[in-house]
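K.L.:
generate a structure from the sequence data that follows.
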Amino acid sequence: MSLLSEITIKMAEVTCFDRLSTEIILEIFNYLLSNDLMFSFLSLNKRLNDILFHYDRLLNNIQIPTRNLDFSNNIFQLIGSKIQHLTLTTNDLKIPWDLLPNLRSLTISSAIPLNCDHFHLILNSKQFCNLKSFEMKSKIYSEEVYHSDDHIVEGTAFILIFYPFNKLKSFQYLSTISPFQTVDDISGMDISQHLESLSLKLWEFETVYFIIQYCPNLKELDLIVTVIHPVKVNEELDLSNIPLQKFSLTMNDTRRSSLMTRARYLYITKFLKQFSETLISLSLNFCGEHIISDRQTEKMNDTFICSTLEYVIRY
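P.N.:
Numbers count the residues shown, from 1 in each chain. Okay, the predicted model is just below:
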């Protein structure tokens, strides 16, 4: 028996909720998640269904269960047009995207890596072009590329993020498995005019120079970095026109293979100096023992750190 048939049969059932006024029912529903409402009340009776369907906010934030995807696909037929925020915890991305015309926010958080070909089902869908927010917390792989080139697979997959026809204002890629490798050799990226917030887990800090030049209106940048190499940056690369207001940097070198020397700290300072006119929020997390002197025998003192930050603020 299909879900639609089950709902039709149960429409005449009476529950204790029917003794309550609509106002009280709404107060109760406001404390529940969309998933709770969907699985608990959607098929009880006509009155509760009418309430759920009348107030769009009650069913606009759905998380797809890891199992029983057939049930989820049936749900899409019923409330797909009301879903604005969708969270996927499965690596099965073969869902009917055409039933989600009003989708504005998508979060993918699967512990199992995603097949690159399946991932493109999302990127090439009409709904993706209308997204305002996209959060990716899963690793991407390709069956045709050896695992050592996974960073190329990831870079190629995310080229479509930086396309002018996208409406994304916020993009987050914080893979729980491995950081985003260097993408300097990836071609095909374009200006993303709408992007205002960017969160990335990078292997090398230098990669941000390549990416940020495609985000002329970026206001918030959150980075988790493993390695910082104080290399000479292209002097012609001017980022001062980017209206960056908030910057957060966290070192993710759990093996302590890349110590935070004075040279590396000054390298970060030079990057921040380009946004001294607009930057109003700064967070630097070097995990304490990362910060050492050039002699690698003593920690840099607070005076040096404070004076460096003061230089960024003043100049």
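K.L.:
next, the distance between the ends of stretch 212-222.
P.N.:
12 Å (C-alpha to C-alpha, to the nearest Å).
K.L.:
quick one: residues in contact with it.
P.N.:
162, 172, 189-200, 208, 237, 239, 241-248 (C-beta atoms under 8 Å, 6 or more residues apart in numbering). To be clear about C-beta, it is placed using only N, CA and C from the backbone, and glycine gets the same treatment.
K.L.:
residues near Gln213, how many?
P.N.:
Counted with other C-beta atoms under 10 Å, residues neighbouring Gln213 total 16.
K.L.:
buried ones only from the contacts of stretch 212-222, please, as a ChimeraX command.
P.N.:
In ChimeraX, this line selects whichever of the contacts of stretch 212-222 come out buried by 16 or more other C-beta atoms under 10 Å:
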select :162,172,189,192,195,196,197,198,199,200,208,239,242,244,246,247
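K.L.:
the contacts of stretch 212-222 in helices, which ones?
P.N.:
Val208 (DSSP state H).
K.L.:
hey, where'd the helices end up in the protein?
P.N.:
Under DSSP H, the chain gives helices at 3-10, 22-29, 34-41, 46-54, 69-79, 116-123, 150-157, 207-212, 262-273, 302-314.
K.L.:
and Leu121, what does it touch?
P.N.:
Taking C-beta under 8 Å, 6+ apart as the test, what Leu121 contacts is Leu93, Lys94, Trp97.
K.L.:
and which of the residues you listed is nearest Ser133?
P.N.:
Trp97 (16.2 Å; C-beta to C-beta).
K.L.:
re earlier: wait, which of the contacts of Leu121 is closest to His120?
P.N.:
Nearest to His120 out of these is Leu93 (C-beta to C-beta; 9.2 Å).
K.L.:
tell me how far that closest one lies from Met136.
P.N.:
12 Å (C-beta to C-beta, to the nearest Å).
K.L.:
do Leu100 as well
P.N.:
17 Å.
K.L.:
likewise Ile64?
P.N.:
In this view, Ile64 and Met136 are 15 Å apart by C-beta to C-beta.
K.L.:
so the two - more neighbours on which side?
P.N.:
Taking neighbours as other C-beta under 10 Å, Ile64 and Met136 compare with Met136 leading, 26 against 22.
K.L.:
what pairs with the more buried one across the strands?
P.N.:
Counting by DSSP bridges, Met136 forms beta bridges with Ile108, Tyr173.
K.L.:
my guess is it meets Tyr173, correct?
P.N.:
Yes - counting by C-beta atoms under 8 Å, Met136 touches Tyr173, with 4.6 Å between them.
K.L.:
what's the span of stretch 193-213, first residue to last?
P.N.:
11 Å.
K.L.:
ok, Met38 - contacts?
P.N.:
The neighbours of Met38, taking C-beta under 8 Å, 6+ apart as the test, are Leu59, Ile62, Ile75, Ile79.
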